[in-house]
Structures are given as structure tokens and as C-alpha cells.
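Enquirer: Quick one: sequence and predicted model below, then my questions.
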Number of protein chains: 2
Amino acid sequence: MLSKKTKYALHALTYLGKHKAEGTVLIHNIAEEHGISHKFLENILLELRKAGYLGSKKGKGGGYYLIKEPKDIPLSRVIRLLDGPIALLPCVSLNYYEPCAECKNEALCGINKVMAQVRDETLKILENKTLQDILEGE
Amino acid sequence: MLSKKTKYALHALTYLGKHKAEGTVLIHNIAEEHGISHKFLENILLELRKAGYLGSKKGKGGGYYLIKEPKDIPLSRVIRLLDGPIALLPCVSLNYYEPCAECKNEALCGINKVMAQVRDETLKILENKTLQDILEGE
DNA sequence: ATAAACTCTATAATTTTTATAGGGTTTATA
DNA sequence: TATAAACCCTATAAAAATTATAGAGTTTAT
């Protein structure tokens, strides 16, 4: 399951996508719309900005806005940013690889092999679904 | 990512599949092979037995053994049993459904729609990979 | 009778996630 | 140029979930 962080990030991105015409949007408005803690959401938007998905304007009249096209924001990226690996095991993660302590030899591990396949097929799904798809469903 | 519980369950099932000829296998042997806590693994094997994957023999000379064919143990089942939902959000879980607090109307939620598609496609993957596939990779 | 091995439930320890707090910086505008 | 609005940043607290342990049953081969 996705963490609340990732879920809220998706809500925020969706909100920003829908309100693109308004220029900037306040954290406050997004938080209120979904009943999310303002401060918690603040941290999430900060991460999304640092990762290059959002721009911000400081000071009075400021706010956040999308700086990427919705079609260029795949679920895979948002999930990796906020939740970490998409792979089901650390030993097959492309971006967060770590060996599994209980496994003596990865090359001889059937679980490793199958999970690498699962990862590849899962990635295909998550790379092909974008914010655009979410927006089209609203 | 899978919890250690699920990961250890897969190791245990694999071990039991490989040692099918021996009749029963001791918790101890599996735990030692992978450096897993005996007691922790004990709880996991208990769950697998209650779920109908394993049989056990009590008393001296007892142990665990597979009672399902490896091809009839899909990853989806093992994951659901030990880790819970496969869906990325509670609002699209088939087996563990719960509404999302921050969502006013599921029918109008683009995230919900996309995640239902992701769930369907992910399930296809996890229902088609079985213990058999793992065993063939060892 | 005894020891081996699974059964079951409770609880403790650890880690991760979620949430809050509060001072800092920037900027529009009166 | 003072002020208030709004994002910036880091630290810490609270809550929840995961991981691990404990210990008293029960069953069974010998």
C-alpha cells in the first residue's frame, strides 16, 4: 500500500493540475479540500518541488504550481520519491538496492529471479500511468 | 516492499518445496538455513498452515510439509495472507476495502480509477507467478 | 516417562510513519 | 518601510506497524 505521504502527493498534484489556470495555489487550499494537515502537506510539497515537479512563489500572493506536464509525471516517479522502492525486495531494487541478509547467493535464489521479473512487469504499469490519466478520470 | 514476514514465508515455502522428498522438515532447519529467528518463523509457518498451504506433524519426529502443489501457490495469495492488500490504496482493495478519509466521492476520483487499473494489472502478474516459478529458478 | 516438536497467545523492542512545532526568509502592498 | 502573507527548513514528538521474544500448552515417538 502507498503511504499517506504518497497518496497526499497524488491528491496535491491532481489539485494543481486541475487549477493550473489560476497560476499559483495555496498549500492551505489543497489541505482544506482534502482535510489534510497543513504542515504535513507542506513537507510533501517541498519534496515535490525539490524533485522538480513543482515550482513555488514565496511571499504574499505566493503558492505552488505545476512545472511539468501531467503526461510527464508517471506514478512510478512519485511513488519512488515519497515511498521508495517499487521492487518488492531490496535485492531486486533498481534505485534502492540492498542485499537480503537471509540470502546466501543471489544468483542462485529463485525468489530473487522471480521478483526481478515482477519488478519489470510492475514498472511497465507504473511508468505508463501518469498524472494525465488521473486528471482524465476526474 | 514486502515485509520480512512475507519474505521469510517465501523462503520457507521454497525450502519445503525443495525438501518435499524428506516428508517433514523442522522449523529449526529452515530458520538455520536462512539465519531467521526460530520463534519468528514459527509464527509464520503457523499462519501458512492455518491458511491451508502446509501440513504439520506434532511431537517427536514431527515437522512441516507442503500440502499444496507449488503451481497452486501464487505469490498473490502469500502476499495477501502475510502482508495484506495488493492494491496500492484501501479504496481499491478487493480483499481489504476501506474508504479513503480524504476523498469525498470515490466515483469522481481520478486517483481511485487509475489505482483500480493498476490493481488489476498487478494482480495479473502476481496471480501468474507461483512457488513453482521460484523453485524452477533455484 | 521423557524429550522432541509443534501450538497458541501475550508482550516487548524496534522501526517506520505520521504529525506537529517553530523560527527563518521572501515578497506584495499599503 | 512596516506589515502580513506565504513558502522554507530542520528538529522532534506521537502513533502505528513491524519484528522479535517469551513461556506455558499439547501431542507423539521411543
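Expert: Thanks, I have it.
Enquirer: In this structure A:R80 contacts A:N95, no?
Expert: Yes - A:R80 is within contact range of A:N95, at 6.0 Å (criterion: Cβ atoms under 8 Å). No exception for glycine: its C-beta is placed from N, CA and C like everyone else's.
Enquirer: any idea how far A:R49 is from A:S56?
Expert: 5 Å (Cβ to Cβ, to the nearest Å).
Enquirer: backbone phi and psi for the closest residue to A:G35 other than its chain neighbours, please?
Expert: Ranked by Cβ to Cβ, 6 or more residues apart in numbering or on different chains and with sequence neighbours excluded, the top spatial neighbour of A:G35 is B:E102, at 5.6 Å. Note on B:E102: backbone dihedrals following degrees, to the nearest 10 are phi -80, psi 0.
Enquirer: which residues touch B:E102?
Expert: By Cβ atoms under 8 Å, 6 or more residues apart in numbering or on different chains, B:E102 lies in contact with A:K7, A:Y8, A:H11, A:H34, A:G35, A:I36.
Enquirer: DNA strand D versus the closest residue to the fourth one other than its chain neighbours, what's the distance?
Expert: Spatial nearest neighbour of A:H34, excluding adjacent residues (Cβ to Cβ, 6+ apart): B:E102 at 4.1 Å. Using Cβ to the nearest atom of the strand, to the nearest Å, we find B:E102 at a distance of 16 Å from DNA strand D.
Enquirer: for A:Y65, helix, strand, or coil?
Expert: Classification of A:Y65 using DSSP: H, G, I helix; E, B strand; the rest coil returns strand.
Enquirer: From DNA strand D, how far off is it?
Expert: Taking Cβ to the nearest atom of the strand, one finds A:Y65 at 10 Å from DNA strand D.
Enquirer: burial of that residue, as a residue count?
Expert: Close neighbours of A:Y65, defined as other Cβ atoms under 10 Å in any protein chain shown, add up to 17.
Enquirer: my guess is it contacts A:K20, does it?
Expert: Yes - assessed by Cβ under 8 Å, A:Y65 is found in contact with A:K20 at 7.3 Å.
Enquirer: any common contacting residues for A:S56 and A:R49?
Expert: In contact with both A:S56 and A:R49: A:Y64, using Cβ under 8 Å, 6+ apart.
Enquirer: Quickly find the element holding the most centrally placed residue in chain A.
Expert: Compute the mean C-alpha point of chain A, and by Cα atoms, centre = their mean the closest residue is A:V78, 1.5 Å away. Assigned by DSSP states H and E, A:V78 belongs to helix A:75-83.
Enquirer: Tell me which stretches of chain A form strands.
Expert: A:54-57, A:63-66 (DSSP state E).
Enquirer: Quick one, which of these gets closest to DNA strand C.
Expert: Comparison of the strands of chain A against DNA strand C by Cβ to the nearest atom of the strand identifies strand A:54-57 as nearest, at 6.6 Å.
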